[in-house]
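[1] no sequence for this one, just the structure:
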């Protein structure tokens, strides 16, 4: 059984070796993430070029996901690189302070408007929740606090307000520059951080189009303001990422598991692709094996229906990047074996079908789940029909036969979809069917006599033209 849930691996210093990068891809990475929060443009160009060369060497189609930094609100630096904040002691956040001279009493911040967004009594969180502050007073641009949960804090940690409410826009000037860089790098997906409303997604899409990019938009759900607007945000996007770090800090960790399930459910009901992210195998930054809790976390994201699960520091800066990918793949396969043994044949039909290729996709999956079919082949230009098919749970592999390299990379993120380069402009049906059978036989996906379902359009090579479903027997 082919692994259906895909793996996103973040690039970083740990993957800069071409040998390591090839091993990361060989062991299971389907998508690589370029984090624009770290590194310079030259670093990103070098890494994306390395991915393309490594993928070609391995013989695999790998999508590239660019991830915008967004308005990450951070403290500046401490004179000694870190400070210990004691519970009950005062601590101030002040944009007027020298950015290098923070102490255990005050530190500079990158967000000058913080004082406008908070008031006495508000709770501020540093990092991923290790340090908690309570606002005691606002004096000009300086925010006076006292420490409610102390500990050690280092340079550049993020700041969140419990319950949300920071007014920073989703796209910064840096993000606009990075959108142009993403277009130049020909990324397949672009993740927009700290989305608050559908207009943020629309702005990013317009910037991408102006830069000449066809990249799909991934909305990162990590602000509490996004939760009441989930449907409109996800509807405006092509994919959604459950970014559990900042989201957990803003809404509180007790709410996070339920929110994850809700976001994934809404996205699936709107036929959008989903990625579950943040600390999935965090211990593998330093350990060659994951914890039992991490195994359960990844498995539950699979059972919830995620298209992909993501590695961050584990692959970017960890000691075992390739092993982390391999361990994640093993957990996914175990979870899928359990899930599919229970759920094969359960079809999901929600809402109204509005497109012909969407109707064909639903008909195919219903038929495949109720017949002895070994594979589904979709002749596709842009990947729309395989996307519709992948929204319905099944253990039957969906092979996206396409001549377009961008489509081959794009569908690599879709759950249960596997790209195969193929010239779909054949005009002779018999020749076409023989070529499809040979391709699948050569790759070991089927054997002579197996049944498969084929989807195609009457006008071969026309985007959005899928209107035909055929049942075929694999020829020797």
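    Sure thing, it's come through. Just so it is clear, the model here is predicted, and its values are computed rather than measured.
[2] pretty sure residue 445 contacts residue 375?
    Yes. Contact criterion C-beta atoms under 8 Å: residue 445 and residue 375 qualify, at 5.9 Å. For the C-beta atoms, the positions are set from N, CA and C on the backbone; glycine is no exception.
[3] neighbour-wise, which of these two wins?
    residue 375 (22 against 19; other C-beta atoms under 10 Å).
[4] what residues does residue 329 make contact with?
    Neighbour list for residue 329: 3, 7, 27, 28 [criterion: C-beta atoms under 8 Å, 6 or more residues apart in numbering].
[5] A strand includes the second one, no?
    Read that as residue 7. Yes. Membership of residue 7 in a strand is supported by DSSP: H, G, I helix; E, B strand; the rest coil.
[6] surely it meets residue 325?
    Yes. The pair residue 7 / residue 325 is scored as a contact, 5.9 Å apart, by C-beta under 8 Å.
[7] pick the one among the contacts of residue 329 closest to residue 83.
    Comparing those against residue 83 with C-beta to C-beta places residue 7 closest, at 37.2 Å.
[8] from residue 172, how far off is that closest one?
    Distance, residue 7 to residue 172, using C-beta to C-beta, to the nearest Å: 29 Å.
[9] returning to that earlier point: intersection of neighbour lists for residue 445 and residue 375?
    397, 399.
[10] tell me where the model's unsure across the stretch 251-400 of the chain.
    Flagging of the stretch 251-400 of the chain using pLDDT under 70 yields the residue ranges 340-352.
[11] residue 362 in helix, strand or coil?
    Classified using three-state DSSP, residue 362 is helix.
[12] check residue 126 and give its pLDDT.
    For residue 126, the model assigns a pLDDT of 91.
[13] identify the residue nearest it in space, chain neighbours excluded?
    Leaving out its chain neighbours, the residue that sits closest to residue 126 by C-beta to C-beta, 6 or more residues apart in numbering is residue 157, at 4.9 Å.
[14] looking at it, that neighbour is touching residue 73, isn't it?
    No. Residue 157 is beyond contact range of residue 73, at 10.1 Å (criterion: C-beta under 8 Å).
[15] who has more neighbours, those two?
    Just comparing residue 157 and residue 73: by other C-beta under 10 Å the higher neighbour count belongs to residue 73, 21 against 17.
[16] show me the contacts for that one.
    If you count contacts by C-beta under 8 Å, 6+ apart, then residue 73 has 109, 110, 111, 114, 158, 159, 160, 166, 168 around it.
[17] before we move on, what about residue 437?
    446, 472, 474, 475.
[18] buried only: go through those residues for me.
    446, 472, 474 (16 or more other C-beta atoms under 10 Å).
[19] mind putting those into TSV with pLDDT?
    Listed next are the buried ones among the contacts of residue 437 as TSV, based on pLDDT from 0 to 100:
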residue	pLDDT
446	95
472	93
474	93
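[20] in helices only, show me those residues.
    Judged by DSSP state H, the buried ones among the contacts of residue 437 include no members of helices.
[21] so can I have CSV of those residues showing distance to residue 135?
    As requested, those are arranged in CSV below (distance: C-beta to C-beta, whole Å):
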residue, distance to residue 135
446, 63
472, 67
474, 67
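[22] closest one of the residues you listed to residue 355?
    residue 472 (23.9 Å).
[23] which residues of the stretch 351-476 of the chain fall in helices?
    356-369, 384-390, 405-410, 429-442 (DSSP state H, counting those that start in this stretch).
[24] the shortest one: which residues count as buried?
    Which is helix 405-410. 407, 408, 409, 410.
[25] and for the second one?
    By neighbour count, with 16+ other C-beta under 10 Å as the criterion, the buried positions of helix 384-390 are 384, 385, 386, 387, 388, 389, 390.
[26] list the contacts for the last one?
    By C-beta under 8 Å, 6+ apart, residue 390 lies in contact with 307, 398, 414, 415, 416, 417.
[27] thought the second one was touching residue 416?
    Just to be clear, that refers to residue 398. Yes. With contacts counted by C-beta under 8 Å, residue 398 reaches residue 416, the gap being 5.5 Å.
[28] give the residues shared as contacts by residue 7 and residue 325.
    28, 29, 311.
[29] now, of those, which are buried?
    The buried subset of the shared contacts of residue 7 and residue 325 - by 16+ other C-beta under 10 Å - is 28, 29, 311.
[30] give the bridge partners for the nearest residue to the last one once chain neighbours are set aside, please.
    Spelled out, it's residue 311. Counting by C-beta to C-beta, 6+ apart, residue 311 lies nearest to residue 9, which is 5.0 Å off, once chain neighbours are set aside. Beta-bridge partners recorded for residue 9 (DSSP bridges): residue 32, residue 311.
[31] give the contact list for residue 9.
    Residue 9 neighbours (C-beta under 8 Å, 6+ apart): 15, 24, 29, 31, 32, 33, 310, 311, 315, 321, 324, 325.
[32] tell me which element the second one is part of?
    Using DSSP states H and E, residue 24 falls within helix 18-26.
[33] residue closest to the middle of this protein?
    The structure's the chain has its C-alpha centroid closest to residue 275; by C-alpha atoms, centre = their mean the separation is 4.0 Å.
[34] hang on, the earlier thing: take the contacts of residue 73 and write them to a markdown table, including pLDDT, secondary structure and distance to residue 253.
    Formatted as a markdown table, those follow (pLDDT from 0 to 100; DSSP: H, G, I helix; E, B strand; the rest coil; distance: C-beta to C-beta, whole Å):
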| residue | pLDDT | secondary structure | distance to residue 253 |
| --- | --- | --- | --- |
| 109 | 95 | strand | 24 |
| 110 | 89 | coil | 25 |
| 111 | 90 | coil | 24 |
| 114 | 94 | helix | 23 |
| 158 | 88 | strand | 16 |
| 159 | 91 | strand | 17 |
| 160 | 90 | strand | 12 |
| 166 | 85 | coil | 19 |
| 168 | 87 | coil | 23 |
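[35] residue 133: which of these is nearest?
    residue 159 (8.9 Å).
[36] and that closest one, what does it touch?
    Going by C-beta under 8 Å, 6+ apart, residue 159 touches 73, 74, 75, 93, 109, 111, 114, 124, 125, 126.
[37] what's the answer for residue 455, then?
    Contacts of residue 455 by C-beta under 8 Å, 6+ apart are 357, 360-361, 364, 376-379, 385, 466, 468-470.
[38] hang on, residue 22 packs against residue 54?
    Yes. If you go by C-beta under 8 Å, residue 22 and residue 54 touch, sitting 4.5 Å apart.
[39] picking that back up, of all the contacts of residue 455, which comes closest to residue 281?
    Closest to residue 281, out of all of those and judged by C-beta to C-beta, is residue 376, at 31.1 Å.
[40] count the residues that sit near residue 392.
    Neighbour number of residue 392 under other C-beta under 10 Å is 22.
[41] and what of residue 359?
    15.
[42] quick one: contacts for it?
    With C-beta under 8 Å, 6+ apart, residue 359 has these contacts: residue 353.
[43] gap between it and residue 455?
    From residue 359 to residue 455 the distance is 11 Å (C-beta to C-beta).
[44] same thing with residue 105?
    According to C-beta to C-beta, residue 105 and residue 455 sit 66 Å apart.
[45] next one: residue 407
    15 Å.
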